[in-house]
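In: coords below, sequence missing:
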(Lines give C-alpha, C1' and ligand atoms only; values in the text may rest on other atoms or scores of the structure.)
Protein backbone atom coordinates (compact mmCIF):
# COMPACT_ATOMS: atom_id res chain seq x y z
CA UNK A 1 0.00 0.00 0.00
CA UNK A 2 1.37 3.44 -0.94
CA UNK A 3 1.21 6.73 0.92
CA UNK A 4 -1.28 9.28 -0.39
CA UNK A 5 -1.99 12.90 0.48
CA UNK A 6 -5.52 14.00 1.33
CA UNK A 7 -7.06 17.44 1.85
CA UNK A 8 -10.30 18.25 3.66
CA UNK A 9 -12.57 21.28 2.94
CA UNK A 10 -11.05 23.08 5.96
CA UNK A 11 -7.57 22.97 4.40
CA UNK A 12 -5.99 20.24 6.53
CA UNK A 13 -3.52 18.18 4.50
CA UNK A 14 -2.55 14.75 5.73
CA UNK A 15 -0.52 11.83 4.46
CA UNK A 16 -1.75 8.31 5.05
CA UNK A 17 -0.91 4.76 4.06
CA UNK A 18 -4.04 3.61 2.18
CA UNK A 19 -5.25 1.17 -0.44
CA UNK A 20 -5.01 2.39 -4.02
CA UNK A 21 -8.80 2.44 -4.47
CA UNK A 22 -9.50 4.78 -1.52
CA UNK A 23 -10.52 8.23 -2.81
CA UNK A 24 -11.62 9.83 0.44
CA UNK A 25 -11.01 9.33 4.15
CA UNK A 26 -12.12 11.06 7.34
CA UNK A 27 -9.93 13.95 8.46
CA UNK A 28 -8.63 13.19 11.98
CA UNK A 29 -8.71 16.90 12.96
CA UNK A 30 -12.18 18.05 11.88
CA UNK A 31 -13.87 14.75 10.90
CA UNK A 32 -14.86 16.04 7.43
CA UNK A 33 -14.32 14.00 4.25
CA UNK A 34 -10.78 14.45 2.94
CA UNK A 35 -10.21 13.82 -0.77
CA UNK A 36 -7.07 12.47 -2.43
CA UNK A 37 -4.90 15.18 -3.99
CA UNK A 38 -2.03 15.07 -6.47
CA UNK A 39 1.31 15.46 -4.72
CA UNK A 40 4.48 17.08 -5.97
CA UNK A 41 6.92 14.45 -7.18
CA UNK A 42 10.44 14.48 -5.72
CA UNK A 43 11.80 11.87 -8.14
CA UNK A 44 14.20 13.25 -10.76
CA UNK A 45 16.01 11.41 -13.55
CA UNK A 46 19.48 12.63 -14.43
CA UNK A 47 22.14 11.53 -16.88
CA UNK A 48 21.87 9.74 -20.19
CA UNK A 49 19.64 7.00 -18.89
CA UNK A 50 20.11 3.24 -18.68
CA UNK A 51 19.73 2.80 -22.44
CA UNK A 52 22.37 5.38 -23.38
CA UNK A 53 24.76 4.44 -20.58
CA UNK A 54 25.49 0.85 -21.53
CA UNK A 55 22.51 -1.26 -22.42
CA UNK A 56 22.14 -0.20 -26.04
CA UNK A 57 23.62 -2.50 -28.63
CA UNK A 58 27.05 -1.39 -29.72
CA UNK A 59 27.55 -1.49 -33.46
CA UNK A 60 31.10 -2.04 -34.70
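Out: Arrived safely, thanks for sending. If you're wondering where the values come from, they're calculated on a predicted model, not measured in any experiment.
In: Roughly how far does residue 33 sit from residue 24?
Out: 5 Å (CB to CB, to the nearest Å). For glycine as for every other residue, the C-beta is placed from the backbone atoms N, C-alpha and C.
In: next one: residue 15
Out: 15 Å.
In: Repeat that for residue 9.
Out: Where residue 24 is concerned, residue 9 sits at a distance of 11 Å (CB to CB).
In: what do those two both touch?
Out: residue 33 (CB atoms under 8 Å, 6 or more residues apart in numbering).
In: tell me the secondary structure for residue 4?
Out: At residue 4 the chain is in strand, as set by DSSP: H, G, I helix; E, B strand; the rest coil.
In: Count the residues that sit near it.
Out: When neighbours are counted by other CB atoms under 10 Å, residue 4 registers 19.
In: Ok, residue 18 next?
Out: Neighbour tally, residue 18, other CB under 10 Å: 16.
In: quick one: contacts for it?
Out: Here residue 18 is in contact with 1, 2, 3, 4, 25 (criterion: CB under 8 Å, 6+ apart).
In: And those, which two are furthest apart?
Out: 2 and 25 (13.9 Å; CB to CB).
In: which SS state does the closest residue to residue 2 other than its chain neighbours fall under?
Out: Distance criterion CB to CB, 6 or more residues apart in numbering; nearest residue to residue 2, sequence neighbours excluded, is residue 20 at 6.8 Å. Here residue 20 is recorded as coil under three-state DSSP.
In: what's residue 26 sitting at in phi/psi?
Out: Dihedral pair for residue 26: phi -90, psi 130, per degrees, to the nearest 10.
In: wait, isn't it in contact with residue 34?
Out: Yes - counting by CB atoms under 8 Å, residue 34 is a contact partner of residue 26 at 6.9 Å.
In: Among these two, which residue is more densely surrounded?
Out: More neighbours surround residue 34 than the other of residue 26 and residue 34, with 23 against 12 (other CB under 10 Å).
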